[in-house]
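what follows is a predicted structure for the sequence shown.
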Amino acid sequence: MNFTSENAEKVLAGTKTRTTRVQRDDNEVCRYVVGRTYAVCPGRTKSSVGRILVTNIRCYADAYAFVCGMTRSERDAHGLAEGYVSYSEWWFDYARLCNDPDGEKPCWVIDFELVKGG
């Protein structure tokens, strides 16, 4: 699974246990599967620096609807699980990285855990 180098470091440190990924189109099937492990890559074409086990995947029609259904404390917990200090810090980075400033694109929210010795 590709991450920015900064986010790959967070995965290895155990401070990032969730990622929200934009779907390319409404019919795209998630390539990740619960129960499988995946390489942690700090960028495209970069070598693996560890492995994660996918523990949960949720699909949403759009990122904005996903976060609107949360309480403030749930949004903050989401931001922390994504490896950020707050929800607003995560949203800013998500919108920039995914080119989705209004949160209108369908997305998957993927929970994972670091595989020790992976």
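Alright, I've got the coordinates. Numbering: from 1, shown residues only.

export the lowest-mean-pLDDT helix or strand in the chain to PDB, keeping only CA atoms.
Each helix and strand of the chain was given a mean pLDDT (mean pLDDT, DSSP states H and E); the minimum falls on helix 63-68 at a mean of 83. Extracted in PDB, the C-alpha atoms of helix 63-68 (Å, rounded to 0.1, in the frame of the first residue of the first chain):
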ATOM      1  CA  ALA A  63     -15.900  11.500   2.300                       C
ATOM      2  CA  TYR A  64     -18.000  14.400   3.400                       C
ATOM      3  CA  ALA A  65     -21.100  12.200   4.100                       C
ATOM      4  CA  PHE A  66     -18.800   9.900   6.100                       C
ATOM      5  CA  VAL A  67     -17.500  12.600   8.400                       C
ATOM      6  CA  CYS A  68     -20.800  14.400   8.700                       C
END
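
so which residue is dead centre in the protein?
Central residue of the chain (CA atoms, centre = their mean): residue 19, 0.8 Å from the mean position.

could you confirm that residue falls within a strand?
Yes - counting by DSSP: H, G, I helix; E, B strand; the rest coil, one finds residue 19 located in a strand.

quick one, grab the pLDDT at it.
pLDDT recorded at residue 19 is 97.

cheers, nothing more for now.
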